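A.B. asks: Need coordinates for the below:
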Amino acid sequence: MKKKVFAALLATAMVGTMLAGCSTPGSKSGGDGGNSDEKVFRYSTSTEPTTLDPTKSNSIPDNEVQHALTESLVRNTGGEVNPGVAESWEVSEDGLTYTFHLNPDAKWSDGEQITAQDFVYSWQRLMNPDTAAPYAFIGEYIKNGLAVEKGEMDPSQLGVVAQDDTTLVVTLERPTVYFLSMIGAQAQFAPLRQDIVEEYGSDFAADYEKNVYSGPYVLTKSSDNQWFFEPNEEYWDRDSIKMDRVELNYVQNPDTAVAMYEDGELDYVQLPSASISAYEGKDNTFLNGNVDYFYFNVGGDCPELANKNMRLALNYALDRNKYNQLVNSGYYKPSTGLVFSGLTGIESTYGEESTLEGYPLDGDDAKAKEYLNAALSELGYSDPSEVTLTLTTTDTESAKKQAEVCQEMWNKTLGINIEIEQITYAECLSRQQSGDFEIVWAGWGSDYDDPYSYLELFMSSSAYNYSGFQNDEYDALMTATQTEIDAAKRMNMMHQAEQILIDEGAFLPQAEREIHYLLNENVKDVTFFYCSVNIDWVYADVAAE
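C.D. replies: Sure, this is the predicted structure:
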């Protein structure tokens, strides 16, 4: 859920022995009429966007929509950064000051020029505590960002200045090598028109008509669980946009989405784990950078989870290989860490260079009981059956399966009681943020290609530290990475920090997600990536038959 970002869990129900179909893109209208000669790309999501307001975007589904509707200073496509609204830029020698020169031909969908002041207004709105943007922390990289976010400084003191209509100067708190990559993919850095935001007030972006668009597409429908996109005729790079329309459908049940693909109603679909074997040789895969785990409410009112030994008992009692087989049909990658292993390292990947000593993938019942007995003694319990913990998760069938597998393993190995609470995806996010949970499902996808995006979640100063975890050594290491200029030393610090999380049982890691999908063979140039935007169809096209 980029962020940060939570993504939908894939269902595990068997679809059956259906064969992959090859429908013709644009051959069906999705219920709104249409021309069969149009180039139309249709796909689905099982997690609907939470908002159409870029400032308040809070998940990968939000980000993927905004990536088409907005244009930041630069555009990040699959890790490649190219000019966006800014046609050029310079970076100071100390890496703290970025001077962007805006393209005078960059316009809003109503024909007005996009100006440097539109970025100033947007970024100040993001960091203004009155906005209550759930992802405001992403702007803490900007000079005075944290102080503005906390209400200690006025938004006008944020390190972003419009020298004139086409010159924007951004000052950072510290050198940030991934700054361009981040602003090119994170919706929160998109420009906003102050007159439009103020005209609609709390209804701004409530639907497609209450907005104006800076990106390659405009929204023409945002109702009935459908979002329709058409090219922005004022977009500065209009010639690069090939599609006539893109249709996004919210389909909660992945089996239904697969059936829609088979019926020619969708051109792209993610496969539920249980149905992957039926499409062997016909499917495609990518690692989307999302890691699944459970938060423990370490700093809340649950003494059992404030206890380190209890947290370690829960971790050692989980057989991650068996869990992955039962929950994901063995198609995910079991994990005992927090950071996605495929991130770029110094010479290879982060995972290949890591020296992390994690929990045994098959679990360790003896160690689990050893930690449990220590926890019971410290907590004053005489029997494990006296312990009852609540596991909160989303209301999908796959989430239920996750919870039930953990419930069975923990009850069998530890003898404790686990109650399962299923709520909506939006409520799950809300409960995480408010701390109203004991154990809660979570997932994270990186905002940029750097381990810091994951590891900052457990810093005591992080707005996303939902667990309440606090460790002085961890904070010191992570703070030191902010100023360490030696890349190898900095990466080693992050390896050490992740080891602390494992040693403290700060969370319960589960798996990294490998996405299996079907894509109509006539659809070309769809980009898949593991940071911020998993599926990027902005430059997609339909090949002639």
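A.B. asks: just checking, what packs against the helix or strand bottoming out on mean pLDDT in the chain?
C.D. replies: Within the chain, no helix or strand scores below helix 425-434, which has a mean of 90 by mean pLDDT, DSSP states H and E. Where contact means 3 or more CB pairs under 8 Å, 6 or more residues apart in numbering; DSSP states H and E, helix 425-434 is packed against strand 388-394, strand 439-444. No exception for glycine: its C-beta is placed from N, CA and C like everyone else's.
A.B. asks: can you count the residues close to the closest residue to Tyr350 other than its chain neighbours?
C.D. replies: In this structure, Tyr350 finds its nearest non-sequential neighbour in Leu343, 4.2 Å apart by CB to CB, 6 or more residues apart in numbering. By other CB atoms under 10 Å, 20 other residues sit near Leu343.
A.B. asks: what does Gln157 give?
C.D. replies: The local packing of Gln157 (other CB under 10 Å) involves 14 other residues.
A.B. asks: if we can go back for a sec, where's the residue nearest to Tyr350 relative to Ser430, distance?
C.D. replies: Distance of Leu343 to Ser430, computed by CB to CB, to the nearest Å: 29 Å.
A.B. asks: contacting residues for Asn103?
C.D. replies: Counting by CB atoms under 8 Å, 6 or more residues apart in numbering, Asn103 makes contact with 83, 85-87, 166, 236.
A.B. asks: Could you find the closest non-adjacent residue to Ile502?
C.D. replies: Spatially, and ignoring its direct neighbours in sequence, Ile502 is nearest to Gly358 (5.6 Å; CB to CB, 6+ apart).
A.B. asks: can you check Asn249 too?
C.D. replies: Excluding its sequence neighbours, the residue lying closest to Asn249 (CB to CB, 6+ apart) is Ser44, at 4.6 Å.
A.B. asks: Give me the distance from the helix or strand where the one you found lies to the chain's centre.
C.D. replies: Under the criterion of DSSP states H and E, Ser44 resides in strand 40-45. Here strand 40-45 is found 20 Å from its chain centre; the criterion is CA atoms, centre = their mean, to the nearest Å.
A.B. asks: Check stretch 524-534 too.
C.D. replies: With CA atoms, centre = their mean, you get 13 Å for stretch 524-534.
A.B. asks: In CSV, list the C-alpha atoms belonging to that stretch.
C.D. replies: The C-alpha atoms that make up stretch 524-534 are tabulated as CSV, following Å, rounded to 0.1, in the frame of the first residue of the first chain:
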residue,chain,number,x,y,z
LYS,A,524,3.2,-2.6,-26.7
ASP,A,525,5.4,-0.4,-24.5
VAL,A,526,3.8,-0.9,-21.1
THR,A,527,6.5,-0.4,-18.5
PHE,A,528,6.8,-2.3,-15.2
PHE,A,529,8.9,-1.1,-12.3
TYR,A,530,9.5,-1.8,-8.6
CYS,A,531,9.4,1.8,-7.4
SER,A,532,6.3,4.0,-7.0
VAL,A,533,4.6,3.1,-10.2
ASN,A,534,4.3,-0.7,-10.9
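A.B. asks: what does the average pLDDT come to for it?
C.D. replies: Averaged across stretch 524-534, the pLDDT comes to 93.
A.B. asks: Could you pull out the buried residues of that stretch?
C.D. replies: For stretch 524-534, the neighbour count (16 or more other CB atoms under 10 Å) marks 526-534 as buried.
A.B. asks: Tell me the one of the residues you listed nearest Glu280?
C.D. replies: Glu280 lies nearest to Phe528 out of those, by CB to CB, at 19.4 Å.
A.B. asks: Who does the closest one form a beta bridge with?
C.D. replies: Judged by DSSP bridges, the bridge partners of Phe528 are Ile535.
A.B. asks: from what I can see it touches Gly78, true?
C.D. replies: Yes. The pair Phe528 / Gly78 is scored as a contact, 7.3 Å apart, by CB atoms under 8 Å.
A.B. asks: Roughly how far does the residue lying closest to Lys56 once chain neighbours are set aside sit from Thr413?
C.D. replies: In space, and not counting its chain neighbours, Lys56 is closest to Ala133: 5.4 Å by CB to CB, 6+ apart. Per CB to CB, Ala133 is found 42 Å from Thr413.
A.B. asks: ok, now Pro254?
C.D. replies: 31 Å.
A.B. asks: These two - which one has more neighbours?
C.D. replies: More crowded of Pro254 and Thr413, by other CB under 10 Å: Pro254, with 27 against 22.
A.B. asks: Quick check, the more buried one in contact with Pro272.
C.D. replies: Yes. Pro254 lies in contact with Pro272 (CB under 8 Å); the separation is 4.2 Å.
A.B. asks: about what we covered before: would you list the contacts of Asn103 in CSV and tack on pLDDT and distance to Lys39?
C.D. replies: Output for the contacts of Asn103, formatted as CSV (pLDDT from 0 to 100; distance: CB to CB, whole Å):
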residue, pLDDT, distance to Lys39
Pro83, 98, 25
Val85, 98, 26
Ala86, 98, 29
Glu87, 98, 28
Thr166, 98, 33
Trp236, 97, 21
